[in-house]
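Undergrad: Structure for this input, please:
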Amino acid sequence: MEWESILADAVQNGKIRELYLSKLPVLRTTTNWKKVELLGWIDHQLKYTHYRGALVKLNDKLFFVRESTIKALQQYMSWKVKNVIEVTKD
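TA: Coordinates of the predicted model:
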């Protein structure tokens with residue numbers, strides 16, 4: 001429960017820490033994609049994982065959405081956010 005409250009406010013001033021990024025759940029599906037709020041784009045390489053996609057907010061919770069999911073949804077959704085979220089080292 002503690003991580004949920006920390007991650008809910010993880011993005012501040014267009015930045016997120018690497019530790020928080022690695023703890024974010026991946027949003028693969030939802031009942032209504034129209035409720036998903038796009039916060040910004042991510043393109044960051046960690047030691048073993050490359051995060052390429054977007055950070056979104058759904059029901060006041062923060063999620064990571066992979067680029068492949070976004071491409072599959074492009075014909076149905078029009079996300080016009082140009083923000084790039086900067087990932088900072090711990």
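Undergrad: quick one: the helices in this structure?
TA: Secondary structure of the chain (DSSP state H): helices located at 2-8, 18-23, 67-73.
Undergrad: Number of residues surrounding residue 52?
TA: 15 (other Cβ atoms under 10 Å). All C-beta atoms are positioned from the backbone trio N, CA, C, and that covers glycine.
Undergrad: Please read the previous query as pertaining to residue 34.
TA: 8.
Undergrad: pLDDT score for the nearest residue to it once chain neighbours are set aside?
TA: Computed as Cβ to Cβ, 6 or more residues apart in numbering, the closest residue to residue 34 that is not its neighbour in sequence is residue 77, at 7.8 Å. Turning to residue 77, the model gives it a pLDDT of 84.
Undergrad: Also the one 4 residues further on?
TA: In this model, residue 81 is scored at 81, pLDDT.
Undergrad: contacting residues for it?
TA: 38-41, 54 (Cβ atoms under 8 Å, 6 or more residues apart in numbering).
Undergrad: again, only this time at 6 Å
TA: Residue 81 is in contact with residue 38, counting by Cβ atoms under 6 Å, 6 or more residues apart in numbering.
Undergrad: Please name the residues that touch the closest residue to residue 83 other than its chain neighbours.
TA: What sits nearest to residue 83 in space, not counting adjacent residues and going by Cβ to Cβ, 6+ apart, is residue 40, at 3.5 Å. Contacts for residue 40 (Cβ under 6 Å, 6+ apart) come out as 55, 83, 85.
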